[in-house]
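> build the 3D model from these lines:
(chains A and B)
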Amino acid sequence: MPRTLHGRGIVKGQASGPALVAQEAVSFLGDVDIRSGAIVGDLPSVRNANVRGRVLIMPYTRGSAGAWRFLYQLFKHDNHPVALVIGSLPDPSVVQGAILAGIPIVCELDHDPVACIANGAMVRVDGDTGTVDIR
Amino acid sequence: MQLSDSEKKMLDGGDGEAKRVAMEGLVQLGEAFGAERMVEIGYAHVHAGMALYLHDVELIEEIAGKGARMAVPTSTNIANADMEGWRLTGAPEKLARLQRRAQTAHESMGSACSFTCTPYWAGHWPTWNTHMTSIESTVTIFCNSVLGAKSNRDGYFAVYAAVAGRYPMFGYHLDANRLGTHRFRAIGEITGTSDFSCLGFHIGSIAGDGVPVIEGLRRRPTLDELDALGAGMATSGGVTLFIIPGVTPPYADVAQSFGGVRPPEAAVVGRAEIDEVYRRFCTATDQGFDIVHVGCPHASLEEMRDYARLLSGRKVAAGVEFWITTSRAVRTAAREQGLLAPLEAAGAKVISDTCPISCHFARTVSPDPALGVAPPPIRAVVIDSAKQAKYVRDMIRCDTLLTGTEEAIATALQGRFVPRQRAS
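Prediction:
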């Protein structure tokens, strides 16, 4: 397994935290409760988990024009993931919310992050260089 | 991204902090989506600042406080309270006061304070090839598909685009992405906004984030019907542009709508698919309801005239709450034309700036607890729009009874649910 994944940093900034790996696509409108950070959507791989302080890893985002507001609300309630690592390019609304909230995003990586990163592993994300270090 | 000298100046802070923040965000967005350059926009429909979300009005106050001024004509989207008639809705005064702060901030930036999801009925009418931005997906689809303007489905960054007067060239700003992907052939009589909203809902659920091309309509839909059609599609799917050849600029026929590529086989859509959407959103079993609502998307003046014709000289049944939602501009015009008096005499509540799903009825919001917001218990809402029906279920989390506009008004008058009558 590679210790460092290389992709496109699309939202700048650096953050570290334990990985929360969702096997399913995530919609920030509906799947995550803004008042607690808990996963409430039908995502079996991360059922009952909490995104707060985690580096959230997912294959892709499910589209919603309102996603930006929910990501920003997670931040304002201090329940936000510290960084996002996404297999494919996310929805524009997710990018807008992440920029507002200062949550770095790396996507389109050289290895599948959902397969390479173990749940709970310490991960450092650099949105400026597009690298994801697994410790 | 390639930036012009004036865009570089904005990015470097030469035009002030607000434009710097705006341009920095837009450049990041553009680079994420591979935009090669910015384009000048001619219109923006932006976030109101929502009083039911923590620190959301403050988001608008912050950019206003940085000295932001809208560089292009800018309308504001629907808000969380009727800032004039909030008492009619049972909203706490503190909520209305907070919502008014967003208006004050927008006024300082030069936004037209329209607070509506149908700014076009309030006079914002971008034309063919106008690049624009919109936070409201219903506005995006109407402006793309009926007016021929060019817009993505945006979020908060519509404010940045309005402040900078620019937007990165990607998505539906590029002609290559404005071509059909799905083909539908309408059969039979389809008439009225509720039928068109159901048709749109069905098509959106199949087309996803594609571009549906719709042929076979027996007549050119009215502007209100086109609005309802787009709202339905943008709700069930991520549809950003639909094409009705002969209606959507510049597409004259099916061949042109697919850019010369061989069009796919058409899926037939008609009464059966429309009726299935009505059935899907008639979930109340005992048919007890608390609110009857028309005006989603916010009613046009023509719709207000229809409502007045149907309600004039009559009375809403005892115990029924009947809401008509529209923009301030249309409410004012209706008042001047003598349409408001008969509606109010009949017992209708004419509410602007908000709607059932956008007001304090929603259970998915996260307001400051100090505002004292408590959603009232609601058994079911009778509604004439598939968009409102979907979000009543998701956000108010109660049952719905979806019907036609005339039937919804008959429901309010009779106090008994009247289902959509099949078109003859």
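> state the mean pLDDT of stretch A:57-71.
Throughout stretch A:57-71, pLDDT has a mean value of 87.
> can you name the residues of chain B that neighbour chain A?
Contacts of chain B with chain A, taken as Cβ under 8 Å from any Cβ of the partner chain, map to B:25, B:28-29, B:31-33, B:50, B:53-56, B:59, B:135, B:137, B:152-157, B:171, B:209, B:234, B:238, B:366, B:394. C-betas here are computed from N, CA, C, even on glycine.
> which of these count as buried?
Burial of the residues of chain B next to chain A was assessed by neighbour count (16 or more other Cβ atoms under 10 Å in any protein chain shown); the buried members are B:25, B:28-29, B:31-33, B:50, B:53-54, B:56, B:59, B:135, B:137, B:152-157, B:171, B:234, B:238, B:366.
> count of neighbours near the residue in chain A positioned nearest to chain B?
Of all residues in chain A, residue A:68 sits closest to chain B, at 3.4 Å by Cβ to the nearest Cβ. If you count neighbours by other Cβ atoms under 10 Å in any protein chain shown, residue A:68 ends up with 28.
> for the one 4 residues further on, same thing?
Residues lying near residue A:72 (other Cβ under 10 Å) number 27.
> for residue B:263, list the residues it contacts.
B:180, B:183, B:213, B:254, B:255, B:257 (Cβ atoms under 8 Å, 6 or more residues apart in numbering or on different chains).
> tell me which two of those sit farthest apart.
The most widely separated members of those, counting by Cβ to Cβ, are B:183 and B:255 (11.3 Å).
> neighbour count: those two, which is higher?
Neighbours were counted for residue B:183 and for residue B:255 using other Cβ under 10 Å; residue B:183 has more, 19 against 14.
> element containing the more buried one?
According to DSSP states H and E, residue B:183 maps onto strand B:182-186.
> what packs against that strand?
Using 3 or more Cβ pairs under 8 Å, 6 or more residues apart in numbering or on different chains; DSSP states H and E as the contact criterion, the secondary-structure elements in contact with strand B:182-186 are helix B:193-207, strand B:212-215, strand B:267-269.
> can you say which of those is packed in most?
Relative to the other members of the helices and strands packed on strand B:182-186, helix B:193-207 carries the highest mean neighbour count by mean count of other Cβ atoms under 10 Å in any protein chain shown, namely a mean of 27.
> ok and that one relative to strand B:182-186, angle-wise?
When axes from the mean of the first three to the mean of the last three Cα atoms, to 10 degrees is applied, the directions of helix B:193-207 and strand B:182-186 differ by 150 degrees.
> quick one: mean pLDDT for helix B:193-207?
Along helix B:193-207, the predicted local confidence has a mean pLDDT of 97.
> wait, what's in contact with the residue nearest to the spatial centre of chain A?
Computing the C-alpha centroid of chain A and ranking residues by Cα atoms, centre = their mean puts residue A:84 first, at 2.5 Å. Remark: with contacts taken as Cβ under 8 Å, 6+ apart, residue A:84 is in contact with A:11, A:55-58, A:90, A:94, A:98, A:103-106, A:125.
> ok, residue A:6 next?
A:109, A:110, A:130, A:131, A:132.
> which PyMOL command selects the buried ones in the residues you listed?
To isolate the buried subset of the contacts of residue A:6 in PyMOL, counting by 16+ other Cβ under 10 Å, use the following:
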select buried, chain A and resi 109+130+131+132
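> let's have the contacts of residue A:6 in JSON lines, adding pLDDT.
As requested, the contacts of residue A:6 are arranged in JSON lines below (pLDDT from 0 to 100):
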{"residue": "A:109", "pLDDT": "97"}
{"residue": "A:110", "pLDDT": "97"}
{"residue": "A:130", "pLDDT": "97"}
{"residue": "A:131", "pLDDT": "98"}
{"residue": "A:132", "pLDDT": "98"}
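> also within reach of chain B: list those from the contacts of residue A:6.
Contacts with chain B are made by none of those, judged by Cβ under 8 Å from any Cβ.
> in chain B, which strand has the most residues?
Identified as the longest strand of chain B according to DSSP state E is strand B:291-299.
> give the other helices and strands that that strand contacts.
Using 3+ Cβ pairs under 8 Å, 6+ apart as the contact test, the elements touching strand B:291-299 are helix B:223-236, helix B:301-311, strand B:321-326, strand B:380-383, helix B:386-391, helix B:405-414.
> any idea which of the contacts of residue A:84 is closest to residue B:16?
Distances from the contacts of residue A:84 to residue B:16 were compared by Cβ to Cβ; the smallest belongs to residue A:11, at 23.8 Å.
> list the contacts of stretch A:94-102.
If you take Cβ under 8 Å, 6+ apart as the criterion, stretch A:94-102 is touched by A:10-11, A:13, A:28, A:61, A:67-72, A:74-75, A:80, A:84, A:103-105, B:25, B:28-29, B:32-33, B:59, B:154-157.
> which of the residues in that stretch are buried?
Residues of stretch A:94-102 classed as buried under the neighbour-count rule (16+ other Cβ under 10 Å) are A:94, A:95, A:96, A:97, A:98, A:99, A:100, A:101.
> and those residues as CSV, adding pLDDT and secondary structure?
As requested, the buried residues of stretch A:94-102 are arranged in CSV below (pLDDT from 0 to 100; DSSP: H, G, I helix; E, B strand; the rest coil):
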residue, pLDDT, secondary structure
A:94, 93, helix
A:95, 95, helix
A:96, 95, helix
A:97, 95, helix
A:98, 96, helix
A:99, 96, helix
A:100, 95, helix
A:101, 96, helix
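> is it possible to get TSV of those that adds distance to residue B:94?
As requested, those are exported to TSV (distance: Cβ to Cβ, whole Å):
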residue	distance to residue B:94
A:94	32
A:95	34
A:96	29
A:97	27
A:98	31
A:99	31
A:100	25
A:101	26
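> and of those residues, the nearest to residue B:7?
Nearest to residue B:7 among those: residue A:99, at 17.6 Å, using Cβ to Cβ.
> give me the distance between that closest one and residue A:84.
Relative to residue A:84, residue A:99 is positioned 12 Å away (Cβ to Cβ, to the nearest Å).
> the helices in the stretch 1-150 of chain B, which residues?
B:5-11, B:17-32, B:57-65, B:86-89, B:93-109, B:137-145 (DSSP state H, counting those that start in this stretch).
> what of chain A?
Per DSSP state H, chain A carries helices over the ranges A:67-76, A:92-101, A:113-116.
> quick one: closest of the ones you listed to residue B:358.
Among the helices of chain A, if distance is taken as Cβ to Cβ, the winner is helix A:67-76, at 12.5 Å.
> pull the distance from the closest one to the chain's centre.
How far helix A:67-76 lies from its chain's middle: 13 Å, per Cα atoms, centre = their mean, to the nearest Å.
> contacts for that helix next, please.
Residues lying outside helix A:67-76 but in contact with it, judged by Cβ under 8 Å, 6+ apart, are A:27-29, A:32, A:34, A:37, A:51, A:61, A:80-81, A:91, A:93-94, A:96-98, A:100-103, B:50, B:53-56, B:59, B:155-157, B:366.
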